[in-house]
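**Student:** Can you look at this prediction? I've put the sequence above it.
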Protein chains: 2
Amino acid sequence: MELEEAKQRFIQGWGQLGASWGINRTMAQIQALLLISTKPLSTDEIMEKLMISRGNANMNIRDLIAWGLVYKSFIPGDRKEYYYSEKSMWELAKKVSRERKKRELEPLVRMLDEVKAVKGNDDETKAFRALAEDVRKMAGRAESMLDMVTRLEENVFFKWLTK
Amino acid sequence: MELEEAKQRFIQGWGQLGASWGINRTMAQIQALLLISTKPLSTDEIMEKLMISRGNANMNIRDLIAWGLVYKSFIPGDRKEYYYSEKSMWELAKKVSRERKKRELEPLVRMLDEVKAVKGNDDETKAFRALAEDVRKMAGRAESMLDMVTRLEENVFFKWLTK
DNA sequence: CCAAACTTTCAGAAAATATTGAAACTATAA
DNA sequence: TTATAGTTTCAATATTTTCTGAAAGTTTGG
């Protein structure tokens, strides 16, 4: 396979993955493009390579920066802004898991803690409360796993478990 | 909070979560409804409680069954089919992670193994190959983590890590 | 076999999401 | 200042995803 084709496939595949993770396809593709680029790219270069509009490029770059996955870079004597991706897979995984935890797990846990406070003592209510507790416990476990990713990359147990 | 309101919130919240996980909202809501129901429900009951059409209900129930999250149940002397959810959080987590691994991680790994075979020996190609290796390694780790969820619920290290 | 009860399918409609492109905005150099 | 280069915003549009409802299909009891 030629390098250009390989790059193209990588960008497509990464976009696909992003899509099934609730991250929009273009955002994931821009990230992929920057990831495989050896130098920072300008908005115009991104637009051209992915054949997308300026507005689209700008918005998605902004989101990538907000997620901490992409950085700005300035070249002396050039007025354009250039962008480059975080290249460390560990850093990327950490940032994504931190962001998703904030966006999904935390609202879930808030909801569960609220509904657990349902009043009543009949069997149906008790069963519901028990279920909410159960889900809450599982959410807590998921949170712990994400925290592991966030913090414990050098942890020997973790290394052993994922080796 | 009253039981009915709590249930409603649970269904909404679960649907929300599903949505940001690439699972469609209705599918997640049906699952939530069955999860909090003390008895199996028929298609008509699901349609009524969630105010959705028969077609929609049917398709999403089918998917839930395909994921192994929901089962059919037959009541003697009744021609209707009734549905109930897997209630064990561990089982649910296992099944979801198994399914997502199949749908997302495996295609990613296939893609990576393909593009790693890119030919050439210039610096740019080498850098690309190294990146693909790197992503591949991270995918392998993610796979291991999912396998942990799938198999190691009694594993003492896992318990310790997520306690 | 037929008819009633129930389930499945799927083309078109509706809703949700993503994208465009041009105008407004901002920063810089002269 | 003003002209220019570059960035951001957002209403309109296009695309994708989900949902509906009616017709077709299936199963069962008589």
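**Tutor:** Now that the structure is in, tell me what you want to look at.
**Student:** low pLDDT regions in chain A?
**Tutor:** Applying pLDDT under 70 to chain A picks out residues A:152-163.
**Student:** now do 90
**Tutor:** Within chain A, the ranges that satisfy pLDDT under 90 run A:19-23, A:90, A:93-94, A:96-104, A:138, A:140-163.
**Student:** what about the residue of it found nearest DNA strand C, how many neighbours?
**Tutor:** The nearest approach of chain A to DNA strand C comes at residue A:55, 1.9 Å away (CB to the nearest atom of the strand). C-betas here are computed from N, CA, C, even on glycine. Using other CB atoms under 10 Å in any protein chain shown, residue A:55 has 9 neighbouring residues.
**Student:** ok, the strand or helix carrying it near DNA strand D or not?
**Tutor:** Assigned by DSSP states H and E, residue A:55 belongs to helix A:54-67. Yes. Helix A:54-67 comes into contact with DNA strand D (CB under 7 Å from any atom of the strand), by way of A:54-55, A:58-59, A:61-62.
**Student:** Now the two most distant members of the residues you listed.
**Tutor:** Pairwise distances across the residues of helix A:54-67 next to DNA strand D (CB to CB) peak at 12.4 Å, for the pair A:54 and A:62.
**Student:** Could you point out the helix or strand that follows the helix or strand where residue A:10 lies?
**Tutor:** When elements are assigned from DSSP H and E, residue A:10 belongs to helix A:3-19. Per DSSP H and E, the first helix or strand lying C-terminal to helix A:3-19 is helix A:25-36.
**Student:** hmm, who's touching the helix or strand that that next one is followed by?
**Tutor:** Later in the chain than helix A:25-36, the nearest helix or strand by DSSP H and E is strand A:41-42. Applying CB atoms under 8 Å, 6 or more residues apart in numbering or on different chains, the external contacts of strand A:41-42 come out as A:33-34, A:49, A:80-84.
**Student:** Beyond strand A:41-42, next helix or strand please.
**Tutor:** helix A:43-50.
**Student:** if you look at that next one, does any of it touch DNA strand D?
**Tutor:** Yes. Helix A:43-50 is in contact with DNA strand D by CB under 7 Å from any atom of the strand, via A:43-44.
**Student:** What helices and strands are in contact with that helix?
**Tutor:** helix A:25-36, helix A:54-67, strand A:81-85 (3 or more CB pairs under 8 Å, 6 or more residues apart in numbering or on different chains; DSSP states H and E).
**Student:** From the chain's centre, how far out is it? Work that out for me.
**Tutor:** Remark: helix A:43-50 is offset 22 Å from the chain centroid, using CA atoms, centre = their mean, to the nearest Å.
**Student:** who's in contact with it?
**Tutor:** For helix A:43-50, the external contacting residues (CB under 8 Å, 6+ apart) are A:11, A:26, A:29-30, A:33-34, A:41, A:52-54, A:57-58, A:61, A:80-81, A:83.
**Student:** so how far is the longest helix seen in chain A off the chain centroid?
**Tutor:** Longest helix in chain A, counting residues (DSSP state H): helix A:123-151. Centroid separation for helix A:123-151 versus its chain: 22 Å, with CA atoms, centre = their mean.
**Student:** Flag every residue of chain A that's near DNA strand C.
**Tutor:** Near DNA strand C, when you scan chain A using CB under 7 Å from any atom of the strand, you find A:24-26, A:51-56, A:59-60, A:79.
**Student:** Could you turn the buried ones of those into a PyMOL selection?
**Tutor:** Command for PyMOL that selects the buried part of the residues of chain A next to DNA strand C, burial taken from 16 or more other CB atoms under 10 Å in any protein chain shown:
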select buried, chain A and resi 24+25+26+52+56+60
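**Student:** Next up, identify which helix or strand the spatially most central residue of chain A is on.
**Tutor:** With distances taken as CA atoms, centre = their mean, the residue of chain A nearest its centroid is residue A:96 (3.1 Å). Per DSSP H and E: residue A:96 is located in helix A:89-100.
**Student:** ok now that helix, how far from the chain's centre?
**Tutor:** For helix A:89-100, the distance to the chain centre is 6 Å (CA atoms, centre = their mean).
**Student:** cool, stretch A:76-90 as well?
**Tutor:** On CA atoms, centre = their mean, the centre of stretch A:76-90 falls 19 Å from the chain's centre.
**Student:** Quick one: distance of the next helix or strand after the helix holding residue A:55 to the chain centre.
**Tutor:** The helix or strand immediately downstream of helix A:54-67 is strand A:70-74, counting by DSSP H and E. With CA atoms, centre = their mean as the basis, strand A:70-74 stands 18 Å off its chain's centre.
**Student:** So which of the contacts of helix A:43-50 is the closest to DNA strand D?
**Tutor:** Using CB to the nearest atom of the strand, the contacts of helix A:43-50 come closest to DNA strand D at residue A:81, 3.2 Å.
**Student:** Against chain B, how distant is the closest residue to the closest one other than its chain neighbours?
**Tutor:** Nearest residue to residue A:81 in three dimensions, chain neighbours excluded: residue A:72, at 5.5 Å (CB to CB, 6 or more residues apart in numbering or on different chains). From residue A:72 across to chain B, the span is 21 Å (CB to the nearest CB, to the nearest Å).
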